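> here is a sequence with its predicted model. Questions after.
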Amino acid sequence: MNPAALCIRFSAIADLTCSIWVLVYSLARRPVYEASLLGVRGLKRQHAKADPVWSRLEPPVSWLAARVRPIMGQKLCERLDRQLVLAGDFLGLTPAEYVALSILSCVAGFLAGTLMARMTNMGTLVVLSFGVVGGALPYLHLTGRAAERMKLIRRELPHAIDLIALGMSAGLDFPGSIRQLVDKSSDPSHPLNEELGWMLQKLRVGHTRKQVVQEFADRVPVDEVVEFAASIAQAEERGNPLASVLEIQATTSRERRSSLAEQSAAKASVALTAPLMLMFLCIMLLVVAPIIIRLGHSTIFGG
């Protein structure tokens, strides 16, 4: 080979190696991402640290989040932050940590797929499938958690409004009724109790009832919560007794819950039609197929 061409090739390889080394060094030298420990998200983060699994995963997730955050756009951060809020500030994660957790899950999926492909002698399709599933697991878990959280809040909200109205009728104010409801609850980790505790903290620091219930409706965008927030805001504007308004709102929410249950039951009967038809066809096939085979054999051999 020409010495000049060989020299140019080695120079290019050396430049590429130096560039990669500088890039890796600059990424490695970046400080670890430290999330805020304030607010509801900070409280969830402190509680999550008690989990031994998350306590081991948090350092690599924070390290990777510091490298991912500079390349994330503002709109992406806002959209991911909205998903985390709907899921109840899961593990106290920030948008950058959410992306870092998805990347680590994708890498773990690729490793598991590689191991499975070597053990079963399958192709790269298994590796790609495991990687895609691993990367999607945090998103699927987050959306499922958000849907479950909305369902639990929708189910328990009428009962909570009844108790708040009862407390106000007994002489307590709005924050005092919420405090009694939260303190006497048998399940402090219930999503509705967490949201009521968050509302109580906001009221303690000086936020108005209208602001607090509007933020509650933003965090839990279901029809019952939106109507609850609108009724309180309207009662404050018109000067109506809040206890009476809450009693009416509780009755309305309970009727809505009953109608939703009836709609779900009707949809379930329609959704079960196709599986039942398939089961019926399978049973008929199991019953009729042996008869047809037996008749075919008798016709062939009898003829």
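Nice, I can see it.
> what's the nearest residue to A117 if we skip its chain neighbours?
V126 (4.7 Å; C-beta to C-beta, 6 or more residues apart in numbering). Every residue, glycine included, has its C-beta placed from N, CA and C.
> what's around that neighbour, how many residues?
17 (other C-beta atoms under 10 Å).
> could you report the pLDDT at it?
For V126, the pLDDT comes out at 77.
> ok, the spatially most central residue of the chain - contacts?
The residue lying closest to the centre of the chain (C-alpha atoms, centre = their mean) is L142, at 2.1 Å. L142 sits next to Q83, L84, A87, F90, Y98 when contact means C-beta atoms under 8 Å, 6 or more residues apart in numbering.
> the fourth one and R145 touch, don't they?
This points to F90. Yes. Counting by C-beta atoms under 8 Å, R145 is a contact partner of F90 at 6.1 Å.
> where does the record place the domain boundaries for this structure?
30-145, 148-260 (automatic domain parsing).
> and of these, who's closest to L285?
Nearest to L285 among these is domain 30-145; the distance by C-beta to C-beta comes to 31.5 Å.
> quick one: distance of stretch 148-162 to the chain centre.
18 Å (C-alpha atoms, centre = their mean, to the nearest Å).
> all helices of the chain, in order?
3-29, 39-48, 52-68, 74-86, 95-120, 124-169, 174-183, 191-204, 209-219, 223-238, 242-271, 273-302 (DSSP state H).
> for the third one, output the C-alpha coordinates as CSV.
Listed in CSV are the C-alpha atoms of helix 52-68, where the atom choice follows Å, rounded to 0.1, in the frame of the first residue of the first chain:
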residue,chain,number,x,y,z
PRO,A,52,-34.6,-1.7,47.3
VAL,A,53,-35.1,-2.2,43.5
TRP,A,54,-35.5,1.5,42.7
SER,A,55,-32.7,2.5,45.1
ARG,A,56,-30.3,0.4,42.9
LEU,A,57,-31.8,1.7,39.6
GLU,A,58,-31.9,5.4,40.6
PRO,A,59,-28.1,6.1,40.2
PRO,A,60,-27.8,4.9,36.6
VAL,A,61,-31.1,6.5,35.7
SER,A,62,-30.0,9.8,37.1
TRP,A,63,-26.6,9.5,35.4
LEU,A,64,-28.2,8.8,32.0
ALA,A,65,-30.8,11.5,32.6
ALA,A,66,-28.1,14.2,32.8
ARG,A,67,-26.8,13.1,29.4
VAL,A,68,-30.3,12.9,27.8
